[in-house]
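Asker: Structure for this input, please:
(one chain, ligands or ions: 2)
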Amino acid sequence: MIVLGLFVVAIISGITISQSQARNKARAEVFQSLAGRWNGRVDPGGVSYNPRFEIRVDGLPGQITLHTGSKNQSAYTRVHFNWPSRIHLRVAPEGFSTWLRRAIGGGDIQIGEADFDQTFWIETSDPEWAREVLTPVLRRGLLKLRESGGWLSQSNVTLDVGRSGLILGVSRVLVDHRSSLEPFIELAVAALKACRGGGPAVGVVLAAVETKGGSECPVCGHAVDQGITCSTCGTPHHGDCWKYLGGCAIFGCQGRVKSRAG
Ligand SMILES: [Zn+2]
Ligand SMILES: [Zn+2]
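Answerer: Ligands and ions are numbered 1, 2, ... in the order given. Take a look at the predicted model:
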């Protein structure tokens, strides 16, 4: 009886593994179909990790990662560009989290477009810069992405610019079809270009950010007294900031497991 039980378990886990391998393969193919457009390189994934897509835009490395969701973490797709900025900008759906209010220290700024202002909470360390960066094209793209989940399940769309780079995230897996992945990456690229072109106020000093060290949260740039530490790279984050991004904010780090920091 035990032998039979083990046999059944072996078959079921065998089926699960081959299903996830087939899914990884299909997703890697979607990535591959876009590789030519952004100097892409596909990491096909493995039994225990999802495929990953690395791209280059204007010489800057970016990566597309996904999480299919688990008990503690909702699904997401993320585009992350390694473009650290001293200016912080965070765009998240209104009512998404009230803690946003204290994360950067400013209030919700208004852009002057009713639809966008009602839908998104905009928090920044430089309102003038943010208004310049959030171009009509970018605003339309973010609104469209927000609505793309349908009225019953609107997607959590977040745009984050700061020490950890530029991150566009959506609370869905968008990599199963080229037709949904391509506009998502296009939107992230548009955001990157808008931020890079956003006037002389942009104080990006990559080396200075990298050598900064210390115990500053890479998401909001504030000191971390009590928080969580990425078990992969050891970087401390605020609990809220970690939750907001759904994992480690360090470029290239796939860490999602946390340990308590002192
Ligand atoms: Zn933080
Ligand atoms: Zn990490």
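Asker: okay, CA-based contacts and neighbour counts for the rest of this
Answerer: Fine.
Asker: Check the burial of residue 9 by counting its neighbours.
Answerer: Counted with other Cα atoms under 10 Å, residues neighbouring residue 9 total 12.
Asker: I meant residue 250, not that one.
Answerer: 18.
Asker: helix or strand for it, which one?
Answerer: Secondary structure from DSSP states H and E places residue 250 outside every helix and strand.
Asker: Please report the distance of it from residue 82.
Answerer: Plainly put, residue 250 is 9 Å away from residue 82 if you go by Cα to Cα, to the nearest Å.
Asker: Now the common contact residues for the two.
Answerer: With contacts taken as Cα atoms under 8 Å, 6 or more residues apart in numbering, residue 250 and residue 82 have residue 164 as neighbours in common.
Asker: Tally up the residues packed near the residue of the stretch 51-200 of the chain found nearest ligand 2, please.
Answerer: Closest approach of the stretch 51-200 of the chain to ligand 2 (Cα to the ion) occurs at residue 164, with a separation of 10.9 Å. Using other Cα under 10 Å, residue 164 has 26 neighbouring residues.
Asker: now residue 134: how far from residue 167?
Answerer: Distance, residue 134 to residue 167, by Cα to Cα: 14 Å.
Asker: meant to ask about residue 175
Answerer: Plainly put, residue 175 is 16 Å away from residue 167 if you go by Cα to Cα.
Asker: More neighbours: which of the two?
Answerer: Comparing residue 175 with residue 167 by other Cα under 10 Å, the one with more neighbours is residue 167, at 27 against 22.
Asker: For this structure, give me the ranges with low pLDDT.
Answerer: Along the chain, the parts satisfying pLDDT under 70 run over 1, 72, 96-106, 149-153, 198-214, 260-262.
Asker: Show me which residues of it sit near ligand 2.
Answerer: By the rule Cα under 5 Å from the ion, the part of the chain lying against ligand 2 is 230, 232-233, 248, 253, 255.
Asker: can you rerun that using 6 Å?
Answerer: Counting by Cα under 6 Å from the ion, the positions of the chain adjacent to ligand 2 are 230, 232-233, 235, 248, 250, 253, 255.
Asker: Taking those residues, please make a PyMOL selection of just the buried ones.
Answerer: Restricted to buried positions by 16 or more other Cα atoms under 10 Å, the PyMOL selection for the residues of the chain next to ligand 2 reads:
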select buried, resi 230+235+248+250+255
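Asker: now the residues of the chain next to ligand 2 in CSV, with secondary structure?
Answerer: Shown next, in CSV, are the residues of the chain next to ligand 2 (DSSP: H, G, I helix; E, B strand; the rest coil):
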residue, secondary structure
230, strand
232, coil
233, coil
235, coil
248, coil
250, coil
253, coil
255, coil
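Asker: Close to ligand 1 as well: tell me which of the residues of the chain next to ligand 2 qualify.
Answerer: Within those, nothing lies near ligand 1 by Cα under 6 Å from the ion.
Asker: I would like the residues contacting the helix or strand encompassing residue 159, please.
Answerer: According to DSSP H and E, residue 159 maps onto strand 157-162. Strand 157-162 has contacts (Cα under 8 Å, 6+ apart) with 84-93, 142, 145-146, 166-171, 218-221.
Asker: Stretch 32-43 too?
Answerer: Contacts of stretch 32-43 (Cα under 8 Å, 6+ apart): 28, 31, 51-57, 178, 182.
Asker: and the end-to-end length of it?
Answerer: 10 Å.
Asker: contacting residues around residue 221?
Answerer: 162-163.
Asker: What strand or helix carries it?
Answerer: Here residue 221, judged by DSSP H and E, is contained in no helix and no strand.
Asker: for residue 138, same thing?
Answerer: Per DSSP H and E: helix 136-147 holds residue 138.
Asker: and that helix with strand 157-162, angle?
Answerer: If you take axes from the mean of the first three to the mean of the last three Cα atoms, to 10 degrees, helix 136-147 sits at 130 degrees to strand 157-162.
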